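In: Turn this into a structure:
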Amino acid sequence: MRYLIIIDDLWDTPSWDIIKSAFPDNGLGSRVITTTRIQNVAKACCSPSSYYIFKMKPLSNKDSKRLFFGRIFNSEEACPHQLRDVSTEILKKCDGLPLAIITISGMLANESFDQEEWKHVRNSLGSGTNFTLEGMRNILDLRYKNLPPHLKTCLLYLGMYPEDFGIGRSHLELQWIAEGFVPKENGQDAEKVARSYFNELVNRSLIQPTKFNNQGSAVECKVHDMMLDLILSKCREENFLTVLDDAKVIEKLDYKVLRLSLHLDGPRDGTMLPCKVSMSQIRSVMIFGDSHSMPPLRLFKFLRVLHVHVYGPAELDPTGLCKLYQLRYLAINGFWDSYKLPAEIRGLRHLETLDAPHSRNIPSDIVHLPCLMFLNLDWDRYPLPDGISRMKSLRCVSGFDLMLNSLDNIKDLGELTNLTAIKFSISSSLADSSERKSRLDALNSSLGRCISLKMLVLNIPGCNDALMALSPPPRRLEILYAYGFFFSRVPNWMGELSNLKELSVTVLGSDIGILAELPGLTHFYLYIKEILKKRLSSMTGYSLF
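Out: Model (predicted):
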C-alpha cells in the first residue's frame, strides 16, 4: 500500500518516535509530511538527512505591512501620520511572523489611536522579541493582560475544551450566562451581551472562527494551540479551572477544584472519580472522550454547567441529576446510542438550557421549568407534555411535531411571547387530512401572537398552501424556510416581513413581485415549478410533469 500522511504541528521528538512506528516502510514511494516550529523535531523527522527540511520564510516587509495595516485601518494609507514610526517598530519586533502580526494588530484595532498607548505596546514586547516561540508567547501574554476583566474571564473558560475542538458559539455563550459571567447591560438581555463578548474575542483575534452562517456571523470557533497553552497557564495561576485526563489525580490535588474538564481516553475512566473527595464547590463540569459511564452526579451539589460530549453508550445518573438544584445548563451530546433523562425534573427550577437530542424520553413535568429558554430534544418520537403555555421563558425550540403534540399545545404556542426560533415538522402517516387541517389552522392562529419570533422553519410535506392565510404574520421574522410543500402563489403576508433576511420557498406561479419589496433580503431560495414546466414544454413539445 502506498500512502501520503500529513502530521501538523509536532512539538517533540518522543511523539514523532511513537507516530513513525505506525507507518510501514515498504519501499513503495510513500511520503510523510510534518510541520513543526522546533528545529530539533524537524531534524528528527528527516533523520539521517536534513536535506528534506523546508524552512518557511517569514513575511516580507511589504506583506507584513499589508497584513498589519489592513487589519487596523483597511490600508496603509489610512494610518495616521503620528503612528507610522511606532507601527514600523512594532512590525520589526514581529519579524514577519503572521500570528504575531495578527495578534498585535487585533489588539491595537480595539485601542484608541493614541501614540503613547502604541508606544507602550511596543515597549511591552521587549527588546529581544523576534521570530521565536518565546517571543510569540510574550505577545500573547500582552494580549491577555490588555483585556478588560469580563473578557479575561470568558477567554479563560475556553480552556474547558480540548485542543482543536470545534466550539459552538451558542453553547459557549449559554455556558457563560449560566456561570454568571454575563450581566444585563443597558437594557439588553444576557444573550445579546454574550454575543458581543464572543464577537469581541473574534475581532481581537483571540479565537479563530471556523464556521459561519448565511449572514457571515461566526457560529463555531477554535482556539489556536499557542493561545490555549497561555489560557491553561493562566488558569493554573488563578485556579480558574482544572483539566484532567486521569480522574484519580483529583485526590492528590492540594487545592479546591472550581471547574473541572475531564478528557477521558478509555471506557472505564468515567468511573474513577473518588467519592470521598469533596466536589460541592465545582461550578462547571465538562466530560469529553470515550466513556461508558458517568461520574456520580450527586458529588456536584452546586453545579451550574454540565456539558457531556462522549463517544459510545453511557448511562446517566438520574437520581443525582435531579438533585442538581443550581443547574443552569445541561447538554448531553456526542455519539451516544441513547439514554434516558429522569422521568421528573421539576426540581431543576433554575435550568435555562436543556440540550439532549438523543434522549429516549421527555420528562413528564418539563413544562414546570420556569427559567427554561433553550430546548433541544428528540421531537420526532416524543410529544411535549400538555401545558406548554407555562413555559413563558422559552426562546428556542429545536423541533415541534404538529401531529404528535396535542391540539391544545399548538394553540398555546401563541402564549410564548419570548419565543424567537422554532422548527415545525409533521408526521404525515399519523392522521387524515381533516386532522392535519385542524392543527394547521391552530398553528395559523398561534404564530401571529408569537411577537418575538425571528426564525421559523416549516418541514411539513404535503401540506400545500399551509399558512396561506396567516394573519397577522410574526413581523420580526428574519429567517423563513418552508420545506416539503408549496404555495400556489406567494402569500400576501410575506410582503409584510420587512425584517426578513433569509427565505426559502416553493411556489407554483410566477407572481413574485411581493418579494421584490423586501428591503433586507440577502439569501433567497425560490423554486417556481410552473415556470419550469412551461419552459420545458415550449422547448420540447412535451410536458415532463
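
In: Just give me the residue right at the centre of this protein.
Out: Taking C-alpha atoms, centre = their mean, the centroid of the chain lies closest to Gly168, which sits 1.3 Å from it.

In: Quick check: phi and psi on the nearest residue to that one once chain neighbours are set aside?
Out: Ranked by C-beta to C-beta, 6 or more residues apart in numbering and with sequence neighbours excluded, the top spatial neighbour of Gly168 is Glu220, at 5.6 Å. To be clear about C-beta, it is placed using only N, CA and C from the backbone, and glycine gets the same treatment. Glu220 adopts backbone torsions of phi -150, psi 150, taken as degrees, to the nearest 10.

In: still on that earlier bit, does the residue nearest to the centre of the chain touch Lys222 like I think?
Out: No. Between Gly168 and Lys222 there is no contact under C-beta atoms under 8 Å: 11.1 Å.

In: Can you give me every residue that contacts the nearest residue to Pro209 once chain neighbours are set aside?
Out: In space, and not counting its chain neighbours, Pro209 is closest to Ala218: 3.4 Å by C-beta to C-beta, 6+ apart. The contact partners of Ala218, by C-beta atoms under 8 Å, 6 or more residues apart in numbering, come to Arg169, Phe198, Asn199, Val202, Pro209, Thr210, Lys211, Phe212.

In: ok, the second one to Ser452 distance?
Out: Taking C-beta to C-beta, to the nearest Å as the measure, Phe198 and Ser452 are separated by 21 Å.

In: Adding secondary structure, neighbour count and distance to Phe485, write the contacts of Ala218 out as TSV.
Out: Putting the contacts of Ala218 into TSV (DSSP: H, G, I helix; E, B strand; the rest coil; neighbours: other C-beta atoms under 10 Å; distance: C-beta to C-beta, whole Å) gives the following:
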residue	secondary structure	neighbour count	distance to Phe485
Arg169	helix	21	31
Phe198	helix	21	36
Asn199	helix	14	36
Val202	helix	17	38
Pro209	strand	17	35
Thr210	strand	12	34
Lys211	strand	13	29
Phe212	strand	11	29
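
In: if we take those, which one ends up nearest to Leu142?
Out: Comparing the contacts of Ala218 against Leu142 with C-beta to C-beta places Val202 closest, at 18.7 Å.

In: distance of the closest one from Ser112?
Out: Val202 sits 20 Å away from Ser112, going by C-beta to C-beta.

In: same thing with Lys248?
Out: Applying C-beta to C-beta, the value for Lys248 to Ser112 is 51 Å.

In: Of the two, which one has the most company?
Out: Using other C-beta atoms under 10 Å, the more surrounded residue of Lys248 and Ser112 is Lys248, with 12 against 9.

In: Model confidence for the more buried one, exactly?
Out: Note for Lys248: predicted pLDDT of 73.

In: how's this structure carved up into domains?
Out: 4-45, 61-145, 149-228, 241-368, 379-545 (automatic domain parsing).

In: Quick one: closest of those to Phe54.
Out: Of all the domains of the chain, domain 4-45 comes closest under C-beta to C-beta, at 9.0 Å.

In: same question for that closest one, mean pLDDT?
Out: Domain 4-45 comes out at a mean pLDDT of 85.

In: Can you read off the backbone torsions of the residue nearest to the centre of the chain?
Out: The phi/psi pair for Gly168 (degrees, to the nearest 10) is phi -70, psi 130.

In: So it versus Arg449, what's the distance?
Out: According to C-beta to C-beta, Gly168 stands 30 Å off from Arg449.

In: so Met455 sits right up against Ala421, yeah?
Out: Yes. Met455 is within contact range of Ala421, at 3.8 Å (criterion: C-beta under 8 Å).

In: I figured Ser446 hits Leu419, correct?
Out: No. Using C-beta under 8 Å, Ser446 is not in contact with Leu419; the gap is 9.9 Å.

In: Which neighbours do those two have in common?
Out: What both Ser446 and Leu419 touch, as defined by C-beta under 8 Å, 6+ apart, is the set Leu413.

In: ok, the two, which is more surrounded?
Out: The residue with more neighbours, out of Ser446 and Leu419, is Leu419; 28 against 19, by other C-beta under 10 Å.

In: Report the separation between the closest residue to Asp365 other than its chain neighbours and Phe300.
Out: Spatial nearest neighbour of Asp365, chain neighbours left out: Arg346 (4.3 Å); criterion: C-beta to C-beta, 6+ apart. Using C-beta to C-beta, one gets 19 Å for the distance from Arg346 to Phe300.

In: same check, this time on Trp176
Out: From Trp176 to Phe300 the distance is 19 Å (C-beta to C-beta).

In: who's more crowded, these two?
Out: Shown here are Trp176 and Phe300; by other C-beta under 10 Å, Phe300 has more neighbours (25 against 22).

In: That one contacts Met279, doesn't it?
Out: Yes. In this structure, Phe300 is within contact of Met279 by C-beta under 8 Å, at 5.6 Å.

In: circling back: next, format the domains of the chain as TSV and append distance to Cys235.
Out: Output for those, formatted as TSV (distance: least, C-beta to C-beta, whole Å):
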stretch	distance to Cys235
domain 4-45	20
domain 61-145	11
domain 149-228	5
domain 241-368	5
domain 379-545	30
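
In: of the ones you listed, which approaches Lys55 most closely?
Out: Of all those, it is domain 4-45 that lies closest to Lys55, at 8.4 Å by C-beta to C-beta.

In: How far does the closest one sit from its chain's centre?
Out: Offset of domain 4-45 from its chain centre (C-alpha atoms, centre = their mean, to the nearest Å): 32 Å.

In: And for stretch 485-493?
Out: Mean-position distance between stretch 485-493 and its chain equals 34 Å (C-alpha atoms, centre = their mean).

In: What of stretch 255-267?
Out: Counting by C-alpha atoms, centre = their mean, stretch 255-267 comes out at 22 Å from the chain centroid.

In: Stretch 477-487 now?
Out: Put simply, stretch 477-487 sits 24 Å off its chain's centre (C-alpha atoms, centre = their mean).

In: Return the backbone torsion pair for Val219.
Out: Note on Val219: its backbone torsions stand at phi -120, psi 0 [degrees, to the nearest 10].

In: try Pro472
Out: Dihedral pair for Pro472: phi -80, psi 160, per degrees, to the nearest 10.

In: That one touches Leu453, doesn't it?
Out: No. Using C-beta under 8 Å, Pro472 is not in contact with Leu453; the gap is 11.6 Å.

In: neighbour count winner among the two?
Out: Using other C-beta under 10 Å, the more surrounded residue of Pro472 and Leu453 is Leu453, with 26 against 11.

In: which element is the residue lying closest to Lys423 once chain neighbours are set aside on?
Out: Among residues not flanking Lys423 along the chain, Val457 sits closest, at 4.0 Å (C-beta to C-beta, 6+ apart). Counting by DSSP states H and E, the element that carries Val457 is strand 455-459.

In: and that strand, what does it pack onto?
Out: Packing partners of strand 455-459 (3 or more C-beta pairs under 8 Å, 6 or more residues apart in numbering; DSSP states H and E): strand 421-425, strand 479-483.
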